[in-house]
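Q: Curious how this folds, go ahead:
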Amino acid sequence: MATEKPFPTIKPSSRRYNPGEYPSTTFESLDGTKTHLRYGNKRVNATLQLGFSGITDAQAYEILENYREVNSNWNYVTFNQDSGLAGVGGTGHTMPDGSLGNLAAYMDETNTGLKWRYSAPPSVTSVFPGTSNVSCSFVACLDSP
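A: Numbering: from 1, shown residues only. Here you go, the predicted structure:
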């Protein structure tokens, strides 16, 4: 059974997030009529890229070890305000339905059924003795609870 592995407590220096899309297909007939079919109410293929500049080699090792732990058994990565989501606004604004919008909670994907996994191995670049830059890529997988 898959378990969640927390990402190391290292603040990223850059982050890129794509919320994914709803699975759908558009069919077009010869006369130009289009029919659009949507296959569910859950987003798929959300992506998250984290960059870490000037971190210690020990921190780079922590990231590589997290990659090993997650991929040794089909596990998932979790993020919080001290790790991959560090620096993302935690306070929100009022949404049209009256709920609070929160970018960190949105990127966390906790309540969507999406679970973060590495989409590729972390890339480590040594820039000085004892100092590295690391790049990590993640994809959110739709998994039943």
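Q: In contact with Ser135, which residues?
A: Gln49, Leu50, Gly51, Phe52, Pro122, Ser123 (CB atoms under 8 Å, 6 or more residues apart in numbering). The way it works is simple: take the backbone N, C-alpha and C, and place the C-beta from them, glycine included.
Q: And for Ser126?
A: Asp57, Ser132.
Q: one step back: of the contacts of Ser135, keep whichever come out buried.
A: Neighbour counting by 16 or more other CB atoms under 10 Å classes Gln49, Leu50, Phe52, Pro122 among the contacts of Ser135 as buried.
Q: Filter those residues down to the ones in strands?
A: Among the buried ones among the contacts of Ser135, the members falling in strands (DSSP state E) are Gln49, Leu50, Phe52, Pro122.
Q: What lies in contact with the longest helix seen in the chain?
A: Looking across the chain with DSSP state H, the single longest helix is helix 57-72. Here helix 57-72 makes contact (CB under 8 Å, 6+ apart) with 5, 7-8, 10, 52, 75-77, 117-118, 121-122, 124, 126, 130-132, 134, 136.
Q: List only buried entries from the residues you listed.
A: The neighbour count (16+ other CB under 10 Å) marks 5, 7-8, 10, 52, 75-77, 117-118, 122, 124, 132, 134, 136 as buried among those.
Q: now, which of those sits nearest His36?
A: Of all the buried ones among the contacts of helix 57-72, Arg117 has the smallest distance to His36: 29.2 Å, by CB to CB.
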